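**Student:** Based on what follows, work out the 3D shape:
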Amino acid sequence: MELRQYIGKPWAEGAQGPDAFDCYALVREIQSKHFGIDMSQVCIPDYEDQDQIAELMSGHIETENWVRVEKPQHGDVVFMRRPTRHYGVWLNIDGGGVLHCTKDLGVKFVKDSAWHASGYGRKIYLRHRSKI
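**Tutor:** Below you'll find the predicted structure:
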């Protein structure tokens, strides 16, 4: 599947693709199918409990495989803290941007030039240790 073909797929709680995703499952799928990186699955029991999600993600073994970087490269994971804890993938498409999946809109691509208006706040870029 080409990366643009994910756009428009719906979000669903716990969905692992290929017809619907949650944000982390979309990142896992893209990393595996397009960048050759297998990521561990994270089971989130309550999508409304942001503190629980933060604890699950920060304590998950997968965090050991990712290093924070200042400038994104094609395929880096993007972490956002607002309005919720959320993940996407940086793509060097149309000047760069984030492909991610949200509850209300499903999979969408937000150009970096339009990021500020998107309401997702500051982006933290993470690169897999194998790519450093």
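**Student:** where do the strands sit along the protein?
**Tutor:** Along the chain, counting by DSSP state E, strands occupy 66-69, 77-80, 86-91, 97-102, 106-111, 123-128.
**Student:** Quick check: the residue nearest to residue 9 when sequence neighbours are not counted vs residue 63, distance?
**Tutor:** Closest residue in space to residue 9, ignoring its immediate chain neighbours: residue 107 at 4.5 Å, by CB to CB, 6 or more residues apart in numbering. Bear in mind the C-beta positions are built from the backbone N, C-alpha and C, glycine included. As judged by CB to CB, to the nearest Å, residue 107 and residue 63 stand 24 Å apart.
**Student:** The two: which has the busier surroundings?
**Tutor:** residue 107 (22 against 11; other CB atoms under 10 Å).
**Student:** Quick check: mean pLDDT of the longest helix along the chain?
**Tutor:** Counting residues, the longest helix found in the chain (DSSP state H) is helix 23-35. Helix 23-35 carries an average pLDDT of 94.
**Student:** count of neighbours near the closest residue to residue 40 other than its chain neighbours?
**Tutor:** Excluding the flanking residues, the one nearest residue 40 by CB to CB, 6+ apart is residue 62, at 4.6 Å. Using other CB under 10 Å, residue 62 is surrounded by 15 other residues.
**Student:** Next, the contact list for residue 62, please.
**Tutor:** Applying CB atoms under 8 Å, 6 or more residues apart in numbering, one finds that residue 62 lies in contact with 39-40, 42.
**Student:** ok, now with 10 Å
**Tutor:** By CB atoms under 10 Å, 6 or more residues apart in numbering, the contact list for residue 62 reads 24, 28, 38-42, 77.
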